[in-house]
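Participant: Provided below are the primary sequence and the corresponding predicted coordinates.
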Amino acid sequence: MTLPAERRFSPLRIVLALVATVGICYIAAILFLMSQETRLVFQAGRPLGEGRPAFPFTQIDIPRADGARQFGWVMENPDARTWLLFLHGNAATIASRVNIARYRELRALGLSIMAPEYRGFAGLPGIPSESGLNADARAAFDYLVNTRHVSPTRLVIYGWSLGSAVAVDLAAHVDESAVVLEGAMASVAGVGAQQYPFFPVRMIMRNRFESIQKVERVHAPMLFLHSPEDTIIPYEHGRRLFDAARPPKRFVDVRGGHIDANDVDKAAFFGAIRSFLDEYGLLGHQE
């Protein structure tokens, strides 16, 4: 028996079919985002590259608990009494031009620098993850303290962008003399939620990097550098993280956006770092 056309194509059936189709597409999109999280969050995989500092440096192997290979660059300043552990950001390696530019100026301030590479970056084995990057930063810190015999009272932790979240986690678990955060985020999950507002990002993310929940456990003096022009990590993220941090702390606005503030606003950028570190007696010659 043939159904009347009005029953076969009723408005209710059409609406239900559309809702079901949209629901299936929405779930598929969520599953796709979940499957791509590592690629979207870490943007790793590029080779080390050809960039090298114009000043002396040494590439060293960093002992890791699981025995896997990890390396880093040691850029010693023979006159410095303070070391800076530089934790770089996303879509980069320790050899990226933007990182080398920062090493040069930080070393010129009178600091020795160590820049560790993360697993899954620059050709290193492994798949990057929040716990993995945190462990890599801890391995670098332990190398400085245990192998180089650097006192934590002369060790500054510096984190830029994604590296700021790694820096906050490390500083919350160890003793250090000071912490410098550039373009810091309150939460990677929070940034993701702003980028994908129609998806339950906070519920589905595995690598959440919730610095906002850890920063209160940092007891060292903290300096925050952030550009109001930053279109990658919104300025309000840096302000929220600063508000949640313990004193003593300082927040400095810089021009130039997320990538080039060190160059566009060089005097203010490195002047703020110099003033901050000098206030706590971390610059000057070895005693």
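Facilitator: It's in.
Participant: which residue packs closest to Arg107, ignoring adjacent ones?
Facilitator: In space, Arg107 comes closest to Asn77 once its chain neighbours are excluded; the distance is 5.3 Å by C-beta to C-beta, 6 or more residues apart in numbering. The C-beta positions use only the backbone N, C-alpha and C, and glycine is treated the same way.
Participant: Doesn't the one you found belong to a helix?
Facilitator: No - under DSSP: H, G, I helix; E, B strand; the rest coil, Asn77 falls outside any helix and is assigned coil.
Participant: what about it, how many residues close to it?
Facilitator: 21 (other C-beta atoms under 10 Å).
Participant: what's near enough to touch it?
Facilitator: The neighbourhood of Asn77, defined by C-beta atoms under 8 Å, 6 or more residues apart in numbering, consists of 107, 110-113.
Participant: quick one: it from Gly163, how far?
Facilitator: With distances taken as C-beta to C-beta, to the nearest Å, Asn77 is found 21 Å from Gly163.
Participant: Sort out for me which of the contacts of Asn77 are in helices.
Facilitator: In helices, judged by DSSP state H, the following of those are found: Arg107.
Participant: what about stretch 144-157, start to end distance?
Facilitator: Between the opening and closing residues of stretch 144-157 we find a distance of 12 Å, counting by C-alpha to C-alpha, to the nearest Å.
Participant: Mind listing what's buried along it?
Facilitator: Within stretch 144-157, the residues that qualify as buried are 144-145, 150, 154-157, counting by 16 or more other C-beta atoms under 10 Å.
Participant: and the helix or strand encompassing Arg104, average pLDDT?
Facilitator: Using DSSP states H and E, the secondary-structure element containing Arg104 is helix 97-108. For helix 97-108, mean pLDDT rounds to 98.
Participant: That helix: how far from the chain's middle?
Facilitator: In this view, helix 97-108 has its centroid 17 Å away from the chain centroid, taken as C-alpha atoms, centre = their mean, to the nearest Å.
Participant: Which residues does it contact?
Facilitator: Contacts of helix 97-108 with the rest of the structure, by C-beta under 8 Å, 6+ apart, involve 51-55, 73, 75, 77, 80, 84, 86, 88, 92-93, 113, 115, 158, 160, 259-260, 262-263, 266, 270, 273.
Participant: Filter those down to the ones in strands?
Facilitator: Secondary structure defined by DSSP state E assigns 73, 75, 84, 86, 113, 115, 158, 160 of the contacts of helix 97-108 to strands.
Participant: tally of neighbours for the fifth one?
Facilitator: Residues near Ile113, counting by other C-beta under 10 Å, number 25.
Participant: Could you number the chain from 45 rather than 1 from now on?
Facilitator: Will do, 45 is the new start, and the previous item becomes Ile157.
Participant: My guess is Phe130 contacts Leu199. True?
Facilitator: No - between Phe130 and Leu199 there is no contact under C-beta atoms under 8 Å: 11.8 Å.
Participant: Spatially nearest residue to Lys163, not counting backbone neighbours?
Facilitator: Slight slip there: residue 163 is Arg, not Lys. Gly170 (3.3 Å).
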